[in-house]
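Asker: Turn this into a structure:
(one chain, ligands or ions: 2)
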Amino acid sequence: MADKILVVDDDLSLRQFLSIMIKRAGYECRTASRGEEALELMAADPADVVVTDLNMDGLDGMDVLRRVHADWPDTEVVMITAYATTENAVAAMKEGAFDYVVKPFNVDELKLILEKAFEKRHLARENETLRELLSDRFGYASLVGRSASMQKVYDLMERVKDTPITVLITGESGTGKELVARAIHFESDRRERPFQSINCGAMPEQLIESELFGYVKGAFTGAAKNHDGLFLSADKGTLFLDEIGEMPLPTQVKLLRAIQERKVKPVGGVHEQSVDVRIVAATNRDLDEEIREGRFREDLYYRLKVICIEMPSLRERLEDLPLLSEHLLQRHAEQLGREGVALSSAVQRAFADYLWPGNVRELENAIQRGLALCSGVEVQLEHLPDEIVGAVQSSQEGDLRVSVGPEGVEMEDLLATYERALLTSALDASGGVKKEAARLLGISFRSLRYRLQKMGMGLEPGDGDQSGLLDE
Ligand SMILES: Nc1ncnc2c1ncn2[C@@H]1O[C@H](COP(=O)(O)OP(=O)(O)OP(=O)(O)O)[C@@H](O)[C@H]1O
Ligand SMILES: [Mg+2]
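Answerer: Ligands and ions are numbered 1, 2, ... in the order given. The predicted model follows:
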């Protein structure tokens, strides 16, 4: 795609001159005689660089600059100005013009400016592609994971972060709900303002209310002076309501009012105060169920879930496990001064076989514990909690978890692989004594020999048919 330039000048001869010069330099060029016309041409087909005269009737160069920046933020604007008005050119630079030339100008000077403008555009485009590539890979903010389900989470976060929209985060325990809430705040344009959070579980009604809305002096025994609640201290920032599913019903009513009216009234007070707070709430409860049971208000639910981010469980995104393990291992190894410690391949297999009911938090705990218990350079199975190792054993005991996807499997090949692995392992365990290997596998010697032959695991010298039969 050719680089496109739009020239705006009320002087016909200058327009023609510029158009010829720009086309000769290899760019695409259109011209407009007025600011209004330029904006119409931009709307029809945006240019990469706009070269505009500063003094024009109607919309002047400054107006063109502002409009173009507002509607096409990636387009660069270059000003042409008469000598007498260079001060205006400086003002234009302050407003974000890329550069300016003073009439009568030198052609090479303008060419150089155009080259630089395009260089900047190309760099910006490359960075954008790079960012997209990167964001498509490993994670977002402090979140790690490249599975499709996490990409969906990042995508939603990116789209809502700079809006004041209320966000509800749902998901099992340990899936990263709090991490997402923090990332939404610290990636947003509210990041310079406070992030306040409160855990609504395990707190009596009166306490949550005075925490959220504040109280006035004398509102209750012990209220010795006025106290701002979290809503006020999070003004222009973010308030994270964790475990919202456990909030007492009367508090839910007050919260709903605060969200709807954007005003709060301290406990014991009479005056309401306006607040601008972005609410992010999280729960691992099924709120539909809570509503059916009469424990959660439906009206509040709909206020909260304007945007709902559903965190996938770890077992739904097992493809992220290697990346997450590596990330958590590095982080904790560094904290413990144990850089370079790795997970043994048996540990990695055990991780892949486990169902992770406690999700990423459980993985993180297992890795921390592994690091603490291992003294060598590898975390081994023996350093893992029993339930994770237990999962490996039970899957070896025939409780094999398999799933056949839409792409199908080669069953015979898979069975053969499994059979070969069992035979090899039994032979290892028996020190190569076949009779013992057969016993370990619960099959007859004849059956073992047949299977070894079938697998091409060959008969060694002295394993001749005769002796084999005798051996039995
Ligand atoms: N995608 C992720 N990338 C890296 N670390 C993660 C990720 N998800 C979770 N963690 C880590 O796992 C731990 C648990 O995460 P978090 O506290 O956000 O979970 P939660 O969903 O709020 O859990 P709960 O419902 O139990 O409160 C934290 O230490 C967090 O840093
Ligand atoms: Mg949490």
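Asker: Contact partners for the residue of the chain at minimum distance from ligand 1?
Answerer: Closest approach between the chain and ligand 1, counting by Cβ to the nearest ligand atom: residue 176, at 2.6 Å. To be clear about C-beta, it is placed using only N, CA and C from the backbone, and glycine gets the same treatment. Residue 176 makes contact with 143, 311, 359-360, according to Cβ atoms under 8 Å, 6 or more residues apart in numbering.
Asker: try residue 100
Answerer: Residue 100 neighbours (Cβ under 8 Å, 6+ apart): 54, 78-81, 86, 89, 92-93.
Asker: hmm, which two among those are most spread apart?
Answerer: Taking Cβ to Cβ, the two most distant members of those are 78 and 86; they sit 14.4 Å apart.
Asker: Compare the two (neighbour count), which wins?
Answerer: Counted by other Cβ atoms under 10 Å, residue 78 and residue 86 do not tie: residue 78 has more neighbours, with 23 against 14.
Asker: Could you check how far the more buried one is from residue 189?
Answerer: In this view, residue 78 and residue 189 are 30 Å apart by Cβ to Cβ, to the nearest Å.
Asker: Residue 456 too?
Answerer: 66 Å.
Asker: same deal with residue 205?
Answerer: 34 Å.
Asker: Same drill for these two, tell me which one is more crowded.
Answerer: Between residue 205 and residue 189, counting by other Cβ under 10 Å, residue 205 is the more crowded of the two (13 against 10).
Asker: can you give me phi and psi for the more buried one?
Answerer: Here is the backbone geometry of residue 205 (degrees, to the nearest 10): phi -50, psi -50.
Asker: residues contacting the nearest residue to it once chain neighbours are set aside?
Answerer: Excluding the flanking residues, the one nearest residue 205 by Cβ to Cβ, 6 or more residues apart in numbering is residue 248, at 4.3 Å. With contact set as Cβ under 8 Å, 6+ apart, residue 248 has these partners: 204-205, 208.
Asker: where in the chain is pLDDT low?
Answerer: Counting by pLDDT under 70, the chain has low-confidence residues at 1, 84, 127-138, 391-403, 405, 458-472.
Asker: Can you give me the domain assignment for it?
Answerer: The chain is divided into the following domains under automatic domain parsing: 4-131, 148-310, 314-396, 411-471.
Asker: Distance from the longest one to the middle of the chain?
Answerer: The chain centroid and the centroid of domain 148-310 are separated by 21 Å under Cα atoms, centre = their mean, to the nearest Å.
Asker: Can you verify residue 240 is assigned to a helix?
Answerer: No. The assignment for residue 240, made by DSSP: H, G, I helix; E, B strand; the rest coil, is strand rather than a helix.
Asker: pretty sure residue 114 contacts residue 25?
Answerer: Yes. Using Cβ atoms under 8 Å, residue 114 is in contact with residue 25, at 7.1 Å.
Asker: Those two: who's more crowded?
Answerer: residue 114 (23 against 15).
Asker: Following the helix or strand encompassing that one in sequence, what is the next regular element?
Answerer: Assessed by DSSP states H and E, residue 114 sits inside helix 107-135. The C-terminal neighbour of helix 107-135 among helices and strands, as given by DSSP H and E, is strand 139-140.
Asker: which parts of the stretch 201-350 of the chain sit against ligand 1?
Answerer: residue 284 (Cβ under 6 Å from any ligand atom).
Asker: For residue 17, give me its contacts.
Answerer: Residue 17 neighbours (Cβ under 8 Å, 6+ apart): none.
Asker: tell me the phi and psi of it?
Answerer: Dihedral angles for residue 17 - degrees, to the nearest 10 - are phi -60, psi -50.
Asker: same check, this time on the one 3 residues further on
Answerer: According to degrees, to the nearest 10, the main-chain angles of residue 20 amount to phi -60, psi -50.
Asker: ok, how many other residues are close to it?
Answerer: There are 11 residues near residue 20, going by other Cβ under 10 Å.
Asker: and the gap between it and residue 14?
Answerer: For residue 20 relative to residue 14 (Cβ to Cβ), the value is 11 Å.
Asker: Next: residue 318.
Answerer: 65 Å.
Asker: Let me see the contact set for residue 233.
Answerer: With Cβ under 8 Å, 6+ apart, residue 233 has these contacts: 194, 196.
Asker: Check residue 357 too.
Answerer: Neighbours of residue 357 in contact, by Cβ under 8 Å, 6+ apart: residue 172.
Asker: I'd like to know how many residues surround residue 441.
Answerer: Residue 441 has 19 nearby residues by other Cβ under 10 Å.
Asker: so it touches residue 424, yeah?
Answerer: No. Using Cβ under 8 Å, residue 441 makes no contact with residue 424, being 11.2 Å away.
Asker: Quick check on residue 182: phi, psi?
Answerer: Reported as degrees, to the nearest 10, the phi and psi values for residue 182 are phi -70, psi -40.
Asker: beta partners of the nearest residue to it once chain neighbours are set aside?
Answerer: Sequence neighbours aside, residue 195 is the residue nearest to residue 182 in space, at 6.5 Å (criterion: Cβ to Cβ, 6+ apart). In this entry, residue 195 is beta-bridged to residue 238, by DSSP bridges.
Asker: Run a quick neighbour tally on residue 195.
Answerer: A count of nearby residues for residue 195, using other Cβ under 10 Å, gives 19.
Asker: How about the one 5 residues further on?
Answerer: For residue 200, the number of neighbouring residues by other Cβ under 10 Å comes to 22.
Asker: Report the contact partners of it.
Answerer: 208, 241-244, 246-247, 251.
Asker: could I get the contacts of residue 176 as TSV with distance to residue 66, neighbour count and secondary structure?
Answerer: Formatted as TSV, these follow (distance: Cβ to Cβ, whole Å; neighbours: other Cβ atoms under 10 Å; DSSP: H, G, I helix; E, B strand; the rest coil):
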residue	distance to residue 66	neighbour count	secondary structure
143	38	20	strand
311	42	25	coil
359	50	22	helix
360	47	26	helix
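Asker: Mind putting those residues into a markdown table with distance to residue 294?
Answerer: Output for the contacts of residue 176, formatted as a markdown table (distance: Cβ to Cβ, whole Å):
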| residue | distance to residue 294 |
| --- | --- |
| 143 | 35 |
| 311 | 26 |
| 359 | 29 |
| 360 | 33 |
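Asker: Name the nearest residue to residue 291, sequence neighbours excluded.
Answerer: residue 298 is the one closest to residue 291 (Cβ to Cβ, 6+ apart), at 5.1 Å.
Asker: residues from the stretch 351-472 of the chain in reach of ligand 1?
Answerer: Checking the stretch 351-472 of the chain against ligand 1 by Cβ under 6 Å from any ligand atom, the hits are 360-361, 364.
Asker: All the strands of the stretch 301-450 of the chain, residue numbers only.
Answerer: Listed in chain order, the strands of the stretch 301-450 of the chain (DSSP state E, counting those that start in this stretch) span residues 307-310, 342-343, 378-379.
Asker: Take the ones you listed and write them to TSV, including distance to residue 42.
Answerer: Shown next, in TSV, are those (distance: least, Cβ to Cβ, whole Å):
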stretch	distance to residue 42
strand 307-310	33
strand 342-343	56
strand 378-379	60
